[in-house]
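Undergrad: please work out how this folds:
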Amino acid sequence: MTPKLDAIYADHVLTSLYDVLNPAGVDTDFYLSLPNPNSTILDVGCGTGLLTAAFAAGEHSVVGLDPAPAMLEIARKRQGGREVAWIEADARDFELGRSFDLVVMTGHVFQVFLSHADVSKVLSSIRRHLKPGGRLVFDSRNPLARAWERWTPEYSRRAVDHPVLGRVETWHEIENVTPTSVSFSSFTSISDRPNPLVSRSELAFRTQAEIEALLKDCGFASRQWLGSWDCSPFEAGSPEIIVIAA
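TA: As a prediction, this is how the structure comes out:
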């Protein structure tokens, strides 16, 4: 079953803004530091392929997997995109017929899978594709840091200049907070359009203990926990839960 995609991953206007709103940063540097020389790498939920193509530029053998055709369309056209094998597939159930030294899920992709059943399917699919000694590395926002409290127009509003669309303003509004997930809307106002584009999303917020239990159940015997992109150990107040599992 094809997953339902939020508009930010499916609408061609919104996907054209993705890289402008989500440029390379300290998280990109962290992930690029992970591979050993000449590694085989799978990027699950690769999106527009910014990190994926950067891996390929490092002379690794790279596969980018994503369910969103509009995102992969950008990925294939980006500089270095021809060096990557791009696969349109659902992370919950894929079979590539090969295994990898490193599998990554970046940009909090882990949080789009709302049920424990779906997360288990994703982790099991990845586990099947890891070489002996291979690693899975991914990130999830720490619920104790309550990042959603800043997903309000007051704190989240920002403006960027797009080479085609001109001045673009974006902001978020929270719709619902439960003990396990947060629903919100993202608004994108473009200068020549009367009404903003709206994308509605829901993200799961899991504790470190919940993630550890899921990994253990899916056969990951080794689990290392970091709390930020500077590789500091995970603590209760850390903004991120960064997992290195094998």
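
Undergrad: got any ranges where this structure has weak pLDDT?
TA: Applying pLDDT under 70 to the predicted model, the residue ranges of the chain that meet it are 1-3.

Undergrad: now the strands for the chain?
TA: Across the chain, reading from the start of the chain, the strands by DSSP state E fall at 40-44, 61-66, 84-88, 100-105, 130-141, 158-162, 166-177, 181-190, 197-204, 223-226, 240-245.

Undergrad: nearest to A10, of those?
TA: For the strands of the chain, the distance to A10 is smallest for strand 197-204, at 8.7 Å, taking CB to CB. The way it works is simple: take the backbone N, C-alpha and C, and place the C-beta from them, glycine included.

Undergrad: run the angle between the closest one and strand 181-190 for me.
TA: Strand 197-204 and strand 181-190 are oriented at 160 degrees to each other (axes from the mean of the first three to the mean of the last three CA atoms, to 10 degrees).

Undergrad: what strands line up against strand 197-204, and which way round?
TA: The partner list of strand 197-204 in its sheet, established with DSSP bridges, is strand 181-190 (antiparallel).

Undergrad: what are the contacting residues of the strand it pairs with?
TA: Outside strand 181-190, the residues that touch it by CB atoms under 8 Å, 6 or more residues apart in numbering are 8, 13-14, 17, 114, 148, 151, 165-177, 196-205.

Undergrad: which among those end up buried?
TA: 8, 13-14, 17, 148, 151, 165, 168, 170-172, 174, 197, 199, 201, 203-205 (16 or more other CB atoms under 10 Å).

Undergrad: separation between E169 and I190?
TA: For E169, the distance to I190 (CB to CB, to the nearest Å) stands at 8 Å.

Undergrad: residues near the spatially closest residue to A85 that is not a sequence neighbour, how many?
TA: Spatial nearest neighbour of A85, excluding adjacent residues (CB to CB, 6 or more residues apart in numbering): V63 at 4.6 Å. Summarising burial for V63: neighbours were counted as other CB atoms under 10 Å, giving 22.

Undergrad: show the contacting residues for V63.
TA: Listed by CB under 8 Å, 6+ apart, the contact set of V63 reads I41, L42, D43, V84, A85, W86, I87, L96, F100.

Undergrad: which of those residues are buried? Put it as a PyMOL command.
TA: Only the buried members of these enter the following PyMOL selection, criterion being 16+ other CB under 10 Å:
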select buried, resi 41+42+43+84+86+87+100
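
Undergrad: L32: which of the contacts of V63 is nearest?
TA: Taking CB to CB as the measure, L32 sits nearest to I41 out of the contacts of V63, at 10.5 Å.

Undergrad: any idea how far T52 is from T207?
TA: For T207, the distance to T52 - CB to CB - is 29 Å.

Undergrad: ok, back up a step: identify the farthest-apart pair in the contacts of V63.
TA: When the contacts of V63 are compared pair by pair using CB to CB, the farthest-apart members prove to be W86 and F100, with a separation of 15.2 Å.

Undergrad: contacts only, for H116.
TA: L214.

Undergrad: now it: how far from C218?
TA: Going from H116 to C218 by CB to CB gives 11 Å.

Undergrad: just G237 next, same as before
TA: When CB to CB is the yardstick, G237 and C218 sit 27 Å from each other.

Undergrad: more neighbours: these two, which one.
TA: A count of neighbours by other CB under 10 Å puts C218 above the other of G237 and C218, at 18 against 9.
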